[in-house]
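Enquirer: Below are the sequence and a predicted model; questions follow.
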Amino acid sequence: MGNVTYFYFMLFENLGYIKYALFSLGFILYCAIIVFNALVILAIYLERTMHQPMYLLISCLSINSVYGTAVFFPRVLADLLSDTHIISIEACLLQSFVIYSYTANEVIILMLMALDRFVAISKPLQYHSLITPKVLTVLLVIICMYSMITLGTAVVFAANLTMCGNKLWKVYCHNYEIVKLSCEKSFINNFLGMFILVTVVFIPLSFILYSYIQILIICQKSSAQFKSKAYQTCIPHIVVLLNFSVSIITEVILSRVVNLEIPIGLTIALSLEFLIVPPILNPIVYALNMPDIRKKILLLIKASN
(Lines give C-alpha, C1' and ligand atoms only; values in the text may rest on other atoms or scores of the structure.)
Protein backbone atom coordinates (compact mmCIF):
# COMPACT_ATOMS: atom_id res chain seq x y z
CA MET A 1 0.00 0.00 0.00
CA GLY A 2 2.92 2.33 -0.61
CA ASN A 3 3.72 4.76 2.19
CA VAL A 4 0.18 4.76 3.58
CA THR A 5 0.05 2.98 6.94
CA TYR A 6 -3.23 4.36 8.32
CA PHE A 7 -6.53 5.94 7.27
CA TYR A 8 -8.35 9.04 8.57
CA PHE A 9 -12.07 8.91 9.31
CA MET A 10 -12.95 12.39 8.05
CA LEU A 11 -16.60 12.42 9.14
CA PHE A 12 -15.68 12.63 12.84
CA GLU A 13 -14.05 16.03 12.38
CA ASN A 14 -15.70 19.18 13.81
CA LEU A 15 -18.63 17.45 15.47
CA GLY A 16 -18.53 19.75 18.49
CA TYR A 17 -20.68 18.90 21.50
CA ILE A 18 -23.08 16.81 19.40
CA LYS A 19 -20.54 13.98 19.60
CA TYR A 20 -21.53 13.40 23.26
CA ALA A 21 -25.19 13.02 22.29
CA LEU A 22 -24.20 10.65 19.47
CA PHE A 23 -22.00 8.69 21.86
CA SER A 24 -24.85 8.32 24.37
CA LEU A 25 -27.28 7.22 21.67
CA GLY A 26 -24.76 4.77 20.20
CA PHE A 27 -23.93 3.32 23.62
CA ILE A 28 -27.62 2.78 24.46
CA LEU A 29 -28.24 1.15 21.06
CA TYR A 30 -25.24 -1.16 21.42
CA CYS A 31 -26.28 -2.24 24.93
CA ALA A 32 -29.81 -2.91 23.68
CA ILE A 33 -28.48 -4.98 20.76
CA ILE A 34 -26.32 -7.10 23.08
CA VAL A 35 -29.09 -7.62 25.68
CA PHE A 36 -31.93 -8.34 23.21
CA ASN A 37 -29.91 -10.78 21.11
CA ALA A 38 -28.41 -12.47 24.18
CA LEU A 39 -31.93 -13.08 25.53
CA VAL A 40 -33.01 -14.72 22.25
CA ILE A 41 -29.86 -16.90 22.12
CA LEU A 42 -30.27 -17.97 25.76
CA ALA A 43 -34.00 -18.64 25.39
CA ILE A 44 -33.44 -20.97 22.43
CA TYR A 45 -30.34 -22.62 23.92
CA LEU A 46 -31.96 -23.36 27.30
CA GLU A 47 -35.32 -24.58 25.95
CA ARG A 48 -34.83 -28.06 24.44
CA THR A 49 -38.21 -27.97 22.68
CA MET A 50 -36.86 -25.11 20.55
CA HIS A 51 -33.86 -27.09 19.30
CA GLN A 52 -35.49 -27.20 15.89
CA PRO A 53 -34.27 -25.85 12.51
CA MET A 54 -36.35 -22.65 12.51
CA TYR A 55 -35.32 -21.64 16.05
CA LEU A 56 -31.69 -22.57 15.46
CA LEU A 57 -31.64 -20.23 12.46
CA ILE A 58 -33.16 -17.45 14.57
CA SER A 59 -30.38 -17.94 17.13
CA CYS A 60 -27.82 -17.83 14.29
CA LEU A 61 -29.29 -14.50 13.23
CA SER A 62 -28.78 -13.14 16.75
CA ILE A 63 -25.23 -14.51 16.97
CA ASN A 64 -24.43 -12.86 13.64
CA SER A 65 -25.83 -9.53 14.90
CA VAL A 66 -23.51 -9.64 17.90
CA TYR A 67 -20.60 -10.58 15.62
CA GLY A 68 -21.19 -7.77 13.12
CA THR A 69 -21.78 -4.99 15.63
CA ALA A 70 -18.76 -5.99 17.75
CA VAL A 71 -16.33 -4.41 15.25
CA PHE A 72 -18.53 -1.40 14.52
CA PHE A 73 -19.94 0.09 17.72
CA PRO A 74 -16.85 -0.03 20.01
CA ARG A 75 -14.70 1.57 17.29
CA VAL A 76 -17.28 4.30 16.47
CA LEU A 77 -17.88 5.06 20.14
CA ALA A 78 -14.13 5.38 20.74
CA ASP A 79 -13.76 7.67 17.70
CA LEU A 80 -16.56 9.94 18.91
CA LEU A 81 -14.66 10.65 22.13
CA SER A 82 -11.18 10.70 20.58
CA ASP A 83 -9.33 13.72 19.24
CA THR A 84 -7.60 11.58 16.60
CA HIS A 85 -9.64 9.49 14.20
CA ILE A 86 -7.07 7.24 12.58
CA ILE A 87 -7.04 3.49 12.05
CA SER A 88 -4.21 1.27 10.90
CA ILE A 89 -4.54 -0.38 7.51
CA GLU A 90 -4.54 -3.85 9.11
CA ALA A 91 -7.33 -2.93 11.55
CA CYS A 92 -9.28 -1.22 8.76
CA LEU A 93 -9.11 -4.28 6.51
CA LEU A 94 -10.16 -6.52 9.39
CA GLN A 95 -13.15 -4.30 10.20
CA SER A 96 -14.11 -4.25 6.52
CA PHE A 97 -13.93 -8.05 6.32
CA VAL A 98 -16.04 -8.58 9.45
CA ILE A 99 -18.74 -6.10 8.38
CA TYR A 100 -18.90 -7.62 4.88
CA SER A 101 -19.01 -11.17 6.27
CA TYR A 102 -21.75 -10.12 8.71
CA THR A 103 -23.78 -8.92 5.74
CA ALA A 104 -23.15 -12.13 3.77
CA ASN A 105 -24.01 -14.30 6.79
CA GLU A 106 -27.27 -12.39 7.29
CA VAL A 107 -28.34 -13.05 3.70
CA ILE A 108 -27.34 -16.73 3.98
CA ILE A 109 -29.36 -17.23 7.18
CA LEU A 110 -32.38 -15.46 5.68
CA MET A 111 -32.10 -17.69 2.60
CA LEU A 112 -32.05 -20.84 4.76
CA MET A 113 -35.05 -19.50 6.69
CA ALA A 114 -36.91 -19.11 3.41
CA LEU A 115 -35.91 -22.66 2.42
CA ASP A 116 -37.06 -23.96 5.81
CA ARG A 117 -40.49 -22.31 5.50
CA PHE A 118 -40.86 -23.33 1.83
CA VAL A 119 -40.27 -27.02 2.60
CA ALA A 120 -42.46 -26.87 5.73
CA ILE A 121 -45.38 -25.46 3.75
CA SER A 122 -44.94 -27.24 0.40
CA LYS A 123 -43.93 -30.67 1.80
CA PRO A 124 -45.23 -30.80 5.40
CA LEU A 125 -45.13 -34.61 5.65
CA GLN A 126 -41.48 -34.83 4.51
CA TYR A 127 -40.33 -31.69 6.33
CA HIS A 128 -38.76 -33.37 9.38
CA SER A 129 -36.81 -35.81 7.19
CA LEU A 130 -35.68 -33.18 4.67
CA ILE A 131 -34.84 -30.27 6.98
CA THR A 132 -32.84 -31.36 10.02
CA PRO A 133 -30.36 -29.46 12.20
CA LYS A 134 -27.56 -31.51 10.58
CA VAL A 135 -28.67 -30.62 7.03
CA LEU A 136 -28.96 -26.93 7.90
CA THR A 137 -25.56 -26.94 9.62
CA VAL A 138 -23.89 -28.47 6.55
CA LEU A 139 -25.57 -25.96 4.23
CA LEU A 140 -24.68 -23.07 6.53
CA VAL A 141 -21.02 -24.12 6.76
CA ILE A 142 -20.60 -24.67 3.00
CA ILE A 143 -22.22 -21.38 1.98
CA CYS A 144 -20.49 -19.39 4.73
CA MET A 145 -17.12 -20.85 3.72
CA TYR A 146 -17.74 -19.74 0.14
CA SER A 147 -18.60 -16.18 1.21
CA MET A 148 -15.66 -16.01 3.65
CA ILE A 149 -13.20 -17.18 0.96
CA THR A 150 -14.47 -14.74 -1.67
CA LEU A 151 -14.63 -11.84 0.79
CA GLY A 152 -11.18 -12.71 2.13
CA THR A 153 -9.83 -12.72 -1.43
CA ALA A 154 -11.28 -9.24 -2.04
CA VAL A 155 -9.63 -7.94 1.15
CA VAL A 156 -6.26 -9.47 0.17
CA PHE A 157 -6.45 -7.79 -3.25
CA ALA A 158 -7.28 -4.46 -1.58
CA ALA A 159 -4.34 -4.89 0.80
CA ASN A 160 -1.95 -5.17 -2.16
CA LEU A 161 -3.06 -1.92 -3.80
CA THR A 162 -0.88 1.20 -3.78
CA MET A 163 -2.74 4.04 -2.06
CA CYS A 164 -2.72 7.65 -3.24
CA GLY A 165 -4.79 8.89 -0.32
CA ASN A 166 -5.79 7.97 3.21
CA LYS A 167 -9.01 9.90 3.86
CA LEU A 168 -12.14 7.78 4.30
CA TRP A 169 -15.49 9.57 4.05
CA LYS A 170 -17.18 6.90 6.14
CA VAL A 171 -17.49 6.17 9.86
CA TYR A 172 -16.32 2.60 9.31
CA CYS A 173 -13.95 0.82 6.93
CA HIS A 174 -15.54 0.01 3.59
CA ASN A 175 -13.61 -2.13 1.10
CA TYR A 176 -14.95 -0.27 -1.93
CA GLU A 177 -13.95 3.09 -0.42
CA ILE A 178 -10.44 1.72 0.17
CA VAL A 179 -10.21 0.55 -3.45
CA LYS A 180 -11.28 4.03 -4.63
CA LEU A 181 -8.23 5.52 -2.85
CA SER A 182 -5.90 3.38 -4.95
CA CYS A 183 -3.46 5.01 -7.40
CA GLU A 184 -4.16 2.29 -9.93
CA LYS A 185 -7.34 1.45 -11.80
CA SER A 186 -8.03 -2.07 -10.59
CA PHE A 187 -10.34 -3.97 -12.93
CA ILE A 188 -9.82 -7.14 -10.86
CA ASN A 189 -10.98 -5.49 -7.61
CA ASN A 190 -14.03 -3.93 -9.27
CA PHE A 191 -14.95 -7.18 -11.02
CA LEU A 192 -14.44 -9.19 -7.81
CA GLY A 193 -16.59 -6.70 -5.88
CA MET A 194 -19.45 -6.99 -8.36
CA PHE A 195 -19.07 -10.81 -8.50
CA ILE A 196 -19.35 -11.03 -4.71
CA LEU A 197 -22.31 -8.64 -4.68
CA VAL A 198 -24.18 -10.78 -7.21
CA THR A 199 -23.33 -14.25 -5.85
CA VAL A 200 -23.42 -13.49 -2.13
CA VAL A 201 -26.26 -10.96 -1.99
CA PHE A 202 -28.46 -10.71 -5.09
CA ILE A 203 -28.71 -14.41 -6.03
CA PRO A 204 -29.66 -15.48 -2.46
CA LEU A 205 -32.16 -12.58 -2.26
CA SER A 206 -33.67 -13.75 -5.57
CA PHE A 207 -34.02 -17.29 -4.17
CA ILE A 208 -35.67 -15.87 -1.04
CA LEU A 209 -38.13 -13.87 -3.15
CA TYR A 210 -38.93 -16.96 -5.25
CA SER A 211 -39.52 -19.07 -2.11
CA TYR A 212 -41.96 -16.62 -0.55
CA ILE A 213 -43.83 -16.15 -3.84
CA GLN A 214 -44.26 -19.94 -4.04
CA ILE A 215 -45.43 -20.02 -0.42
CA LEU A 216 -47.98 -17.30 -1.22
CA ILE A 217 -49.25 -19.30 -4.24
CA ILE A 218 -49.59 -22.47 -2.11
CA CYS A 219 -51.44 -20.56 0.62
CA GLN A 220 -53.93 -19.08 -1.84
CA LYS A 221 -54.92 -22.63 -2.87
CA SER A 222 -55.21 -23.91 0.72
CA SER A 223 -57.79 -23.77 3.48
CA ALA A 224 -58.25 -20.71 5.68
CA GLN A 225 -56.80 -22.55 8.71
CA PHE A 226 -53.68 -23.66 6.78
CA LYS A 227 -53.29 -20.16 5.31
CA SER A 228 -53.51 -18.52 8.76
CA LYS A 229 -50.91 -20.86 10.26
CA ALA A 230 -48.54 -20.40 7.31
CA TYR A 231 -48.79 -16.62 7.44
CA GLN A 232 -48.23 -16.65 11.20
CA THR A 233 -44.90 -18.48 10.83
CA CYS A 234 -43.76 -16.53 7.75
CA ILE A 235 -44.62 -12.94 8.65
CA PRO A 236 -41.77 -12.45 11.19
CA HIS A 237 -39.25 -13.75 8.62
CA ILE A 238 -40.68 -11.49 5.92
CA VAL A 239 -40.51 -8.41 8.18
CA VAL A 240 -36.86 -9.16 8.99
CA LEU A 241 -36.12 -9.86 5.32
CA LEU A 242 -37.73 -6.65 4.03
CA ASN A 243 -35.93 -4.53 6.61
CA PHE A 244 -32.53 -6.00 5.81
CA SER A 245 -33.08 -5.95 2.04
CA VAL A 246 -34.00 -2.25 2.05
CA SER A 247 -31.00 -1.52 4.30
CA ILE A 248 -28.45 -3.33 2.14
CA ILE A 249 -29.83 -2.03 -1.18
CA THR A 250 -29.70 1.52 0.21
CA GLU A 251 -26.07 1.03 1.23
CA VAL A 252 -25.15 -0.34 -2.22
CA ILE A 253 -26.82 2.63 -3.96
CA LEU A 254 -25.12 5.18 -1.69
CA SER A 255 -21.64 3.67 -1.97
CA ARG A 256 -21.39 2.20 -5.44
CA VAL A 257 -24.12 3.14 -7.89
CA VAL A 258 -24.73 6.89 -7.69
CA ASN A 259 -23.56 9.97 -5.83
CA LEU A 260 -26.82 11.46 -4.59
CA GLU A 261 -27.10 15.12 -3.61
CA ILE A 262 -28.52 14.60 -0.11
CA PRO A 263 -27.44 15.99 3.28
CA ILE A 264 -24.35 14.31 4.74
CA GLY A 265 -26.15 13.49 7.99
CA LEU A 266 -28.91 11.65 6.15
CA THR A 267 -26.35 9.85 3.98
CA ILE A 268 -24.52 8.59 7.08
CA ALA A 269 -27.77 7.48 8.75
CA LEU A 270 -28.93 5.58 5.65
CA SER A 271 -25.52 3.95 5.12
CA LEU A 272 -25.50 2.71 8.73
CA GLU A 273 -29.03 1.31 8.74
CA PHE A 274 -27.93 -2.26 7.86
CA LEU A 275 -25.56 -2.25 10.87
CA ILE A 276 -27.96 -0.73 13.39
CA VAL A 277 -31.61 -1.49 12.59
CA PRO A 278 -31.57 -5.27 11.83
CA PRO A 279 -29.53 -6.23 14.94
CA ILE A 280 -32.02 -4.46 17.22
CA LEU A 281 -35.21 -5.10 15.23
CA ASN A 282 -34.73 -8.86 14.62
CA PRO A 283 -34.88 -10.02 18.27
CA ILE A 284 -37.83 -7.70 18.94
CA VAL A 285 -39.77 -9.10 15.96
CA TYR A 286 -39.16 -12.72 16.96
CA ALA A 287 -39.81 -12.09 20.67
CA LEU A 288 -43.13 -10.41 19.90
CA ASN A 289 -44.31 -12.84 17.23
CA MET A 290 -43.02 -16.21 18.45
CA PRO A 291 -44.89 -17.28 21.64
CA ASP A 292 -42.28 -19.91 22.60
CA ILE A 293 -39.42 -17.39 22.49
CA ARG A 294 -41.48 -14.70 24.23
CA LYS A 295 -42.48 -17.01 27.11
CA LYS A 296 -38.92 -18.22 27.67
CA ILE A 297 -37.53 -14.67 27.63
CA LEU A 298 -40.11 -13.57 30.21
CA LEU A 299 -39.12 -16.51 32.41
CA LEU A 300 -35.44 -15.55 32.09
CA ILE A 301 -36.21 -11.95 33.06
CA LYS A 302 -38.29 -13.07 36.06
CA ALA A 303 -35.57 -15.48 37.16
CA SER A 304 -32.95 -12.70 37.08
CA ASN A 305 -35.03 -10.42 39.36
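Expert: Thanks, I have it.
Enquirer: Name the surrounding residues that touch stretch 250-257.
Expert: 174, 176, 177, 193, 197, 201, 260, 267, 270, 271, 273, 274 (Cβ atoms under 8 Å, 6 or more residues apart in numbering). Glycine gets a C-beta too; all of them are placed from N, C-alpha and C.
Enquirer: do that again at 10 Å, thanks
Expert: Contact partners of stretch 250-257, identified using Cβ atoms under 10 Å, 6 or more residues apart in numbering, comprise 103, 170, 174-177, 180, 190, 193-194, 197, 201-202, 249, 260, 262, 266-268, 270-275.
Enquirer: Tell me where this structure has strands.
Expert: With DSSP state E, the ranges of strands along the chain come out as 6-9, 86-88, 167-168.
Enquirer: which residues touch residue 130?
Expert: By Cβ under 10 Å, 6+ apart, the contact list for residue 130 reads 53, 115, 116, 119, 120, 123.
Enquirer: ugh, wrong one, I meant residue 230
Expert: By Cβ under 10 Å, 6+ apart, the neighbours of residue 230 are 117, 120, 121, 124, 215, 216, 218, 219, 222.
Enquirer: Which of those residues fall within helices?
Expert: Filtering those for membership in helices, criterion DSSP state H, returns 117, 120, 121, 215, 216, 218, 219.
Enquirer: residues near the nearest residue to the last one once chain neighbours are set aside, how many?
Expert: If I follow you right, that is residue 219. Leaving aside its chain neighbours, residue 219 sits nearest to residue 227 (4.6 Å; criterion: Cβ to Cβ, 6 or more residues apart in numbering). When neighbours are counted by other Cβ atoms under 10 Å, residue 227 registers 16.
Enquirer: And residue 239, by the same measure?
Expert: Other residues near residue 239 come to 17 when the count uses other Cβ under 10 Å.
Enquirer: How about residue 249?
Expert: Residue 249: 15 neighbours (other Cβ under 10 Å).
Enquirer: Is it correct that it is in contact with residue 201?
Expert: Yes: using Cβ atoms under 10 Å, residue 249 is in contact with residue 201, at 9.0 Å.
Enquirer: before we move on, back to that, return the members of the contacts of residue 130 classed as buried.
Expert: When those are checked for burial by 16 or more other Cβ atoms under 10 Å, the buried set is 53, 115, 116, 119, 120.
Enquirer: for the stretch 1-150 of the chain, which spans come out with low pLDDT?
Expert: Along the stretch 1-150 of the chain, the model assigns pLDDT under 70 to residues 1-3.
Enquirer: quick one, helices of it?
Expert: Taking DSSP state H, counting those that start in this stretch as the test, the helices found in the stretch 1-150 of the chain are 18-46, 53-70, 73-81, 89-122, 127-130, 133-159.
Enquirer: quick one: average confidence on stretch 193-213?
Expert: The average pLDDT for stretch 193-213 rounds to 88.
Enquirer: Can you give the distance of that stretch from its chain's centre?
Expert: Once both centres are worked out by Cα atoms, centre = their mean, to the nearest Å, stretch 193-213 turns out to sit 14 Å from its chain's centre.
Enquirer: next one: stretch 89-100
Expert: When distances are taken as Cα atoms, centre = their mean, stretch 89-100 is centred 15 Å away from the chain's centroid.
Enquirer: With stretch 287-294 instead?
Expert: Distance, centroid of stretch 287-294 to centroid of chain: 21 Å (Cα atoms, centre = their mean).
Enquirer: Just the buried residues of it, please?
Expert: Neighbour counts over stretch 287-294 (16+ other Cβ under 10 Å) mark 287, 289, 290, 293 as buried.
Enquirer: Surely the second one and residue 231 touch.
Expert: No: counting by Cβ under 10 Å, no contact exists between residue 289 and residue 231, whose distance comes to 11.0 Å.
Enquirer: contacting residues around residue 44?
Expert: By Cβ under 10 Å, 6+ apart, the contact set of residue 44 is 50-52, 54-60, 62, 286, 290, 292-293, 296-297.
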